Each structure stands twice: as C-alpha cells, then as structure tokens.
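Colleague: mind looking at a prediction? Sequence and model below.
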Amino acid sequence: MGRTCSPRDSQQESRHVTYDQLFPILYQELIDIYKSPQTPSSSNSLFGIELTFTNDTLIELARSENETDYKTYSTNLLNEWIEQVRLQYPFVHIGEFEKDSYGYVKVTLTLSSCDVILYLHSDDWVFEVGSSPMTSLALSKNLSTIQQILFDTAVIIGLKPHDRIGGGHIHLDKQTNFGNDSILFRNFLVDLMNRPELFLGGLALDLLNAPPLAILSKEQQEIFGEIIDEFDKSQLTIDALCEVINRRVYYKSYISSTASEMNSYNQHQSKYHAINLLHEQTIEIRGIHPQQSAQQLLCLMKLWEGRIEKLKHINKLILFEQKNLTDQVSWTVDRNIETYQVNIDPNIIEQCLADYIKDAGLQECYSTSDFRTSELSQRLINA
C-alpha cells in the first residue's frame with residue numbers, strides 16, 4: 001500500500017517493515033529451484049504481487065482518521081471475505097487470523113493444487129494481497145482460480161480495486177529476471193527512466209507513492225546520470241548499482257514527509273519511487289495502478305518479461321536521456337486524498353505506453369487498453 005497525506009505517515013512507514021520483509025523470505029524459499037546462468041531464461045522469471053481492494057466506507061473512515069472504527073470495520077469485512085472463500089472454495093486452506101503490532105488483521109490462503117500462497121492483510125485505506133513468488137506461466141495456468149478466489153469473492157462483499165487509491169505493485173526477482181547480468185539490469189533501469197510518461201498516466205498516476213525520476217529535483221536527475229556513467233566505466237554489480245542509487249538519488253521522493261523519511265527503516269532512503277530499489281532480492285515497480293483483474297496482472301507480468309527478453313538481444317548500452325518534467329506536474333490534497341495535474345498531451349502518454357508494448361514484442365497480442373483503466377485515461381483527457 002502507498003502513502004496518503006496523513007500526520008501518521010511516519011508510523012505507517014515503520015509498520016510496513018514486517019510486510020515488506022515477506023518478499024525476501026518468500027523468494028529465498030524458491031530461489032534454489034530457479035538457479036540460472038549469467039542471463040536467465042524468461043520462462044523462469046519470478047514475480048511477486050501486491051494487489052489492493054477497498055470500498056467507499058473504508059476510504060471515508062480513513063479520510064476521517066477514525067482509527068478505531070476503521071479497524072473494527074476492516075476486521076469484520078475481512079472475516080466476511082474469508083467466509084465467502086470458505087463456502088465457495090473448500091479446497092483452499094485458510095490459516096489462522098493474526099494481528100500485527102498495529103492491530104491490523106492478516107490471514108494466509110494456501111492453494112495446494114497450484115502451489116500458490118496468498119496473504120490478505122488489512123491496511124490503511126485498503127486490503128493488501130500479496131503472494132508467494134510465481135512465474136507468468138503459473139499465473140496463466142491458474143488464472144481463473146486466482147480471479148475467482150480473490151477478485152470475484154471481493155465483489156460479493158463490496159470490495160474491488162480502486163481506480164486511484166491503493167496500488168498494483170509488482171516485484172521482479174533479481175536472480176531469475178537478470179541473473180548476474182548487470183548490463184541487462186542497467187539497460188532495463190535506464191530504459192524505464194527514459195520513459196517517465198509510463199508513470200505519469202501510462203501505467204499509473206501516483207506522484208506521492210510512485211513518482212518517476214523526471215519529476216524529482218534536477219540534482220537527483222543529474223546524479224543518476226553520473227552514476228550510470230560511472231557504471232559504464234567500472235560495471236558495478238546489480239546490488240552495488242542499487243545501493244549507490246538508493247544512497248545518492250533516492251534520499252528523498254517527490255512529495256516527502258520529513259518525519260516519515262527520516263524515521264523510516266530505510267535509513268534516510270525512500271521507497272516512494274516509480275522503481276523501488278531498496279529490496280535485497282527484488283526490484284519493485286510501484287508505478288502501476290491497482291490491477292482490476294487477474295488477466296490485467298498477467299498482462300503486466302508479460303510486459304516486464306517481454307521487455308527484459310528483448311533487452312537481452314541489444315548489444316549496446318542504452319543512453320540515459322535526462323528529462324526534467326517537474327514544471328509539468330502539480331498536486332493538491334483534500335482530506336488526505338491527492339489530486340494530480342499533468343500538463344502533458346495525453347496522446348504523448350498513450351504513445352509512450354504503446355511504444356513500450358511494442359518494444360516488449362507484444363504489439364500483436366496487447367493494446368494500451370489491456371494495461372490501464374478507462375478512468376486513468378479520462379483523468380488525463382480532463383486534465
């Protein structure tokens with residue numbers, strides 16, 4: 001889950017430590033199965049998901065910061081959700097309900113038939129759903145099961161992915177997506193940084209939780225360019241490249257709360273970027289709107305998988321194209337919900353996404369409408 005403009009930001013950041021640490025643990029359990037050479041096969045690429053579901057009552061209670069009523073309501077709603085799963089899908093093993101240190105409830109669903117574990121977690125504004133690592137092939141084979149158990153049962157109790165609130169973050173496992181190929185990783189990263197429009201309406205529009213490099217300070221943009229130049233001379237490892245970007249570029253986000261950034265477990269480094277590099281075993285693409293279906297989740301996995309596969313066959317270093325779009329964006333906040341203004345032609349944003357789909361080799365299979373909501377497109381048209 002991302003941030004909202006709330007006085008409790010610093011508490012929210014520290015509360016997510018345990019949840020964020022699930023990913024390294026889960027990936028470690030499966031990583032030996034997918035041990036790969038220098039440049040791995042895309043068929044073995046592992047992904048982690050973070051889906052979000054909410055409704056108007058959860059949003060209103062969160063906006064009013066009525067914490068007691070919010071937790072009571074969200075706990076009851078999670079019980080209803082699990083009961084729907086229990087009644088309709090008796091083959092799903094349901095774990096014990098647990099509370100985190102902040103009083104939020106979580107529960108585990110195990111789908112033994114397809115080796116998938118789902119983690120449902122009550123959170124501020126939304127319910128988060130994480131999973132054990134999976135390949136796109138595994139998701140494809142179990143697409144209807146995931147759709148029914150998560151999305152369809154959520155609708156029955158009045159929950160759904162919101163067009164704006166929450167997120168659809170996807171984790172890419174470093175080892176199975178990139179192996180030890182630091183040039184492949186460097187090109188993937190630079191390629192995304194060169195396309196900020198993807199995160200300014202193409203795939204998402206969340207300047208608080210997932211701003212692209214192009215709207216950060218000019219100093220941060222220039223330092224990123226310097227780091228890439230340094231990499232090209234010395235070829236750092238993947239982990240070393242992530243560490244230096246976190247330290248020298250990601251020391252602040254676009255909309256920063258001094259308290260939350262300075263008191264976070266990230267030790268002055270921020271995860272609130274379109275591409276989060278703080279995780280040890282994954283990179284997290286945060287600049288994605290909440291997925292509306294299991295099919296949309298699969299499309300996104302295929303998108304990253306396809307682009308990485310194409311980049312494996314590019315025998316050159318992609319040039320970093322510094323863009324400064326700071327003057328093209330603005331934001332306001334009303335009762336903890338942000339409204340963003342992007343002064344970029346929607347056709348340019350649409351074309352950026354279309355080009356990325358083509359550069360992933362998917363233009364014959366998918367269109368831009370497969371990756372974004374109509375509401376997201378409408379917000380840009382009305383901007």
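Modeller: Received it, and whenever you're ready, just let me know what you need.

Colleague: Ile146 contacts Ala294, correct?
Modeller: Yes. Counting by CB atoms under 8 Å, Ile146 touches Ala294, with 4.4 Å between them. C-beta coordinates here come from the backbone N, C-alpha and C atoms, glycine included.

Colleague: these two - which one has more neighbours?
Modeller: Ile146 (26 against 23; other CB atoms under 10 Å).

Colleague: quick one, what contacts that one?
Modeller: 116, 139, 294, 297 (CB atoms under 8 Å, 6 or more residues apart in numbering).

Colleague: pretty sure it sits in a helix.
Modeller: Yes. Counting by DSSP: H, G, I helix; E, B strand; the rest coil, Ile146 is part of a helix.

Colleague: send me stretch 356-364 as PDB with only the CA atoms.
Modeller: C-alpha atoms of stretch 356-364 as PDB (Å, rounded to 0.1, in the frame of the first residue of the first chain):
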ATOM      1  CA  TYR A 356       6.900   0.100 -24.600                       C
ATOM      2  CA  ILE A 357       4.400  -2.600 -25.500                       C
ATOM      3  CA  LYS A 358       6.000  -2.800 -29.000                       C
ATOM      4  CA  ASP A 359       9.500  -2.800 -27.500                       C
ATOM      5  CA  ALA A 360       8.400  -5.700 -25.400                       C
ATOM      6  CA  GLY A 361       7.400  -7.600 -28.500                       C
ATOM      7  CA  LEU A 362       3.700  -7.700 -27.500                       C
ATOM      8  CA  GLN A 363       2.100  -5.400 -30.100                       C
ATOM      9  CA  GLU A 364       0.400  -8.300 -31.800                       C
END
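
Colleague: now do the buried residues in that stretch.
Modeller: Residues of stretch 356-364 classed as buried: 356-357, 359-360, 362 (neighbour count, 16 or more other CB atoms under 10 Å).

Colleague: those into TSV, with extra columns for secondary structure?
Modeller: Below are the buried residues of stretch 356-364 laid out as TSV (three-state DSSP):
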residue	secondary structure
Tyr356	helix
Ile357	helix
Asp359	helix
Ala360	coil
Leu362	coil
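
Colleague: where does the chain have low pLDDT?
Modeller: Low-confidence segments of the chain (pLDDT under 70): 1-42, 256-269, 373-383.

Colleague: hmm, back to that, neighbour-wise, which one of the contacts of Ile146 leads?
Modeller: In the contacts of Ile146, the most neighbours by other CB under 10 Å go to Leu297, 25 neighbours.

Colleague: I'd like the next helix or strand past the strand or helix carrying that residue.
Modeller: For Leu297, the host element (DSSP states H and E) is helix 294-311. As assigned by DSSP H and E, the chain's next helix or strand after helix 294-311 is strand 329-334.

Colleague: hang on, the earlier thing: can you add distance to Ile157 and give the buried residues of stretch 356-364 back as CSV?
Modeller: Formatted as CSV, the buried residues of stretch 356-364 follow (distance: CB to CB, whole Å):
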residue, distance to Ile157
Tyr356, 35
Ile357, 34
Asp359, 40
Ala360, 36
Leu362, 34
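
Colleague: and of those residues, the nearest to Leu150?
Modeller: Lowest distance from Leu150 to the buried residues of stretch 356-364 (CB to CB) belongs to Leu362, with 24.3 Å.

Colleague: just to revisit the earlier point, out of the contacts of Ile146, which one sits closest to Glu50?
Modeller: Using CB to CB, the contacts of Ile146 come closest to Glu50 at Leu297, 10.4 Å.

Colleague: ok, now which ones touch the closest one?
Modeller: Contacts of Leu297 (CB under 8 Å, 6+ apart): 49, 51, 139, 146, 168, 170, 291.

Colleague: burial of the last one, as a residue count?
Modeller: Gln291: 25 surrounding residues under other CB under 10 Å.

Colleague: before we move on, what about the fifth one?
Modeller: The number of residues packed near Gly168 is 22, by other CB under 10 Å.

Colleague: ok, Gly48 to Val244 distance?
Modeller: As judged by CB to CB, to the nearest Å, Gly48 and Val244 stand 24 Å apart.

Colleague: what about those two, which has more around it?
Modeller: Neighbour count, other CB under 10 Å: between Gly48 and Val244, Gly48 has more, with 22 against 19.

Colleague: please enumerate the strands of this protein.
Modeller: Applying DSSP state E to the chain gives strands spanning 47-53, 93-94, 98-99, 105-111, 116-122, 127-131, 170-173, 275-276, 282-285, 329-334, 337-342.

Colleague: name the surrounding residues that touch the second one.
Modeller: What it means is strand 93-94. Contacts of strand 93-94 (CB under 8 Å, 6+ apart): 82, 85-86, 107-112.

Colleague: that strand pairs with which strands?
Modeller: strand 105-111 (antiparallel) (DSSP bridges).

Colleague: gap between the longest helix along the chain and the chain center?
Modeller: In terms of residue count, the longest helix belonging to the chain (DSSP state H) is helix 67-88. Distance of helix 67-88 from the chain centroid (CA atoms, centre = their mean, to the nearest Å) equals 24 Å.

Colleague: then stretch 275-292?
Modeller: Counting by CA atoms, centre = their mean, stretch 275-292 comes out at 3 Å from the chain centroid.

Colleague: and stretch 74-91, by the same measure?
Modeller: That offset, for stretch 74-91, works out to 25 Å (CA atoms, centre = their mean).

Colleague: and for stretch 323-341?
Modeller: On CA atoms, centre = their mean, the centre of stretch 323-341 falls 19 Å from that of its chain.

Colleague: can you check stretch 152-172 too?
Modeller: 12 Å.

Colleague: out of the contacts of Ile146, who's nearest Val333?
Modeller: Leu297 (29.2 Å).

Colleague: what about that closest one, distance to Thr52?
Modeller: Where Thr52 is concerned, Leu297 sits at a distance of 12 Å (CB to CB).

Colleague: what sits in contact with each of those two?
Modeller: Gly168.

Colleague: what residues does stretch 95-109 touch?
Modeller: 11, 15, 18-19, 71, 74-75, 78-79, 82, 85, 92-94, 110, 117-123, 149.
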